[in-house]
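Participant: With the input below, show me the fold.
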Amino acid sequence: MHSHCWYGHQCTWTYTYSRQKAGYPLPYLKQGNKFWPSVARVDSAYGDRNLICICPPIESYMKE
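Facilitator: Here you go, the predicted structure:
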């Protein structure tokens, strides 16, 4: 969502979609599954330097 007009804050809304749609674009997000990250990174630069990937090794995609 736009950091200058976060959900619940009063500002001039000039977008073609509603604040409700911006904050909760999918129905299941209204059930408490919404995570609001800060404007900064979720875990600072640590997450950028220490990536976690659960993908198989790239070699497993190679054809023999």
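Participant: switch to C-alpha atoms for all contacts and neighbour counts from now on
Facilitator: Will do.
Participant: So for stretch 16-33, mean pLDDT?
Facilitator: Per-residue pLDDT values over stretch 16-33 give a mean of 82.
Participant: how about the helices in this protein?
Facilitator: 19-23, 46-49 (DSSP state H).
Participant: Out of these, indicate the one that is most buried.
Facilitator: Comparing the helices of the chain by mean neighbour count (mean count of other C-alpha atoms under 10 Å), helix 19-23 ranks first with a mean of 14.
Participant: helices or strands up against it?
Facilitator: On a contact count with 3 or more C-alpha pairs under 8 Å, 6 or more residues apart in numbering; DSSP states H and E, helix 19-23 meets no helix or strand.
Participant: mind checking how far it is from the chain centre?
Facilitator: 14 Å (C-alpha atoms, centre = their mean, to the nearest Å).
Participant: Also stretch 29-36?
Facilitator: On C-alpha atoms, centre = their mean, the centre of stretch 29-36 falls 11 Å from the chain's centre.
Participant: next one: stretch 19-37
Facilitator: 10 Å.
Participant: re the thing from before, okay if I get the helices of the chain as TSV plus distance to I58?
Facilitator: Formatted as TSV, the helices of the chain follow (distance: least, C-alpha to C-alpha, whole Å):
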stretch	distance to I58
helix 19-23	36
helix 46-49	20
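Participant: Quick one, which of the ones you listed gets closest to W36.
Facilitator: Ranking the helices of the chain by proximity to W36 (C-alpha to C-alpha) places helix 19-23 first, at 9.4 Å.
Participant: Output that closest one as PDB - backbone C-alpha positions only.
Facilitator: C-alpha atoms of helix 19-23 as PDB (Å, rounded to 0.1, in the frame of the first residue of the first chain):
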ATOM      1  CA  ARG A  19      -8.600   2.300   0.300                       C
ATOM      2  CA  GLN A  20     -10.300  -0.900   1.300                       C
ATOM      3  CA  LYS A  21      -9.200  -2.500  -2.000                       C
ATOM      4  CA  ALA A  22      -5.600  -1.200  -1.600                       C
ATOM      5  CA  GLY A  23      -5.300  -2.500   1.900                       C
END
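Participant: Let me see the ranges of the strands in this protein.
Facilitator: 42-45 (DSSP state E).
Participant: between the helices of the chain, which one is nearest to F35?
Facilitator: Going by C-alpha to C-alpha, the one of the helices of the chain nearest F35 is helix 19-23, 10.4 Å.
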